[in-house]
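# Sequence plus predicted model, see below.
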Amino acid sequence: MWGQPLRPPAPYGQVPAPHNYYAAPQAPPAAPASVDEVRTLWVGDLQYWMDENYIYGCFASTGEVQAVKLIRDKQTGQLQGYGFVEFVSHAAAERVLTTFNGQMMPNVEIAYRLNWASAGEKRNDIPDYTIFVGDLAADVTDYMLQETFRVHYPSVKVAKVVTDRITMRSKGYGFVKFGDPAEQAHAMTEMNGMPCSSRPMRIGPAANRKTTGVQEKEQTDTKS
């Protein structure tokens, strides 16, 4: 009567409404994630050099990784600092989430930041709380810039020093992304003029990710 029941209809005599097509005793109907997402974890706070091979290697010891997809900017091809890891089952993904989240990633002093894929995707729909940081010394790296802010503001997600595509040398400015707008606002005033490496930083507002390219041009023009 309901299309293709897995068993004869007799045991389901008490079904009151068409809601129970899947009266089979498995996943609760009100599960927050969609069927496609239950095996997939969102992974964030990734550094620019962390590619698919690195992320795969992070979880390879489980023997349960099915696929890794990192998100890149459609125009520049640069990694955006987050991605998705699909596992062979929901249980495998849940084990990884419980075991790895908050632990240190291989070869770096950065903790895993994991969540169910649905939550991660929603989180990335939230506007970026980003600041522009100028007058950076030539030796300042992404990690150094990130930690300069993170020790004061725990919501810092990632930092990026902008480099010349040909020489790979720093252009002397970058961006720091926050998860908390209040911390972003405090950093705008509290960190302006504070040292990073050998020079005081110049802090200013930054455009959101979609207009970062334009923002970078404007900031560069302002400097010269």
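All right, it came through fine.
# What segments of the protein are strands?
In the chain, the strands defined using DSSP state E lie at 40-44, 65-72, 79-87, 113-116, 129-134, 156-163, 170-178, 195-196, 199-200, 202-205.
# Contacts made by the second one with the rest, please.
The reference is to strand 65-72. Strand 65-72 is touched from outside by 39, 46, 50-52, 55-56, 59, 78-80, 82-88, with contacts defined as Cβ atoms under 8 Å, 6 or more residues apart in numbering. (Each C-beta comes from the backbone N, C-alpha and C, glycine too.)
# picking up where we left off before, CSV please, covering the strands of the chain and showing mean neighbour count, distance to Glu94 and mean pLDDT.
Formatted as CSV, the strands of the chain follow (neighbours: other Cβ atoms under 10 Å; distance: least, Cβ to Cβ, whole Å; pLDDT from 0 to 100):
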stretch, mean neighbour count, distance to Glu94, mean pLDDT
strand 40-44, 22, 9, 89
strand 65-72, 15, 14, 92
strand 79-87, 20, 9, 89
strand 113-116, 20, 9, 84
strand 129-134, 22, 30, 92
strand 156-163, 21, 24, 83
strand 170-178, 22, 28, 90
strand 195-196, 16, 40, 94
strand 199-200, 14, 46, 95
strand 202-205, 16, 40, 93
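# Out of those strands, which is closest to Arg95?
strand 79-87 (8.5 Å; Cβ to Cβ).
# what sits against Val85?
Thr40, Leu41, Val43, Ile55, Phe59, Val65, Ala67, Val68, Val96.
# give me that answer again for 6 Å
Contacts for Val85 (Cβ atoms under 6 Å, 6 or more residues apart in numbering) come out as Leu41, Val43, Val68.
# Just confirm the first one contacts Ala93, I think it does.
Yes: contact criterion Cβ atoms under 6 Å: Leu41 and Ala93 qualify, at 5.4 Å.
# Can you pull up the most central residue in the protein?
Nearest to the geometric centre of the chain sits Gly44, at 2.6 Å (Cα atoms, centre = their mean).
# Show me what it is bridged to.
Arg113 (DSSP bridges).
# That one contacts Phe84, doesn't it?
No: using Cβ under 6 Å, Gly44 is not in contact with Phe84; the gap is 10.2 Å.
# Give me the neighbour count for Phe100.
Residues near Phe100, counting by other Cβ atoms under 10 Å, number 19.
# Quick check, it in contact with Asn115.
No: between Phe100 and Asn115 no contact is recorded; they are 11.6 Å apart, counting by Cβ under 6 Å.
# about what we covered before: closest one to Thr189 among the strands of the chain?
So among the strands of the chain, strand 202-205 is nearest, using Cβ to Cβ, at 7.9 Å.
# in its sheet, what does that closest one sit against?
If you go by DSSP bridges, strand 202-205 pairs up with strand 129-134 (antiparallel).
# And for the partner strand, what's in contact with it?
Residues outside strand 129-134 that contact it (Cβ under 6 Å, 6+ apart): 173-178, 181, 184, 187-188, 201-204, 206, 219.
# Between strand 170-178 and that strand, find me the angle.
Interaxial angle, strand 129-134 versus strand 170-178 (axes from the mean of the first three to the mean of the last three Cα atoms, to 10 degrees): 160 degrees.
# in the sheet, who's paired with the closest residue to Phe59 other than its chain neighbours?
Using Cβ to Cβ, 6 or more residues apart in numbering and skipping the chain neighbours, the partner closest in space to Phe59 is Val65 (4.9 Å). Following DSSP bridges, Val65 is listed with bridge partners Phe87.
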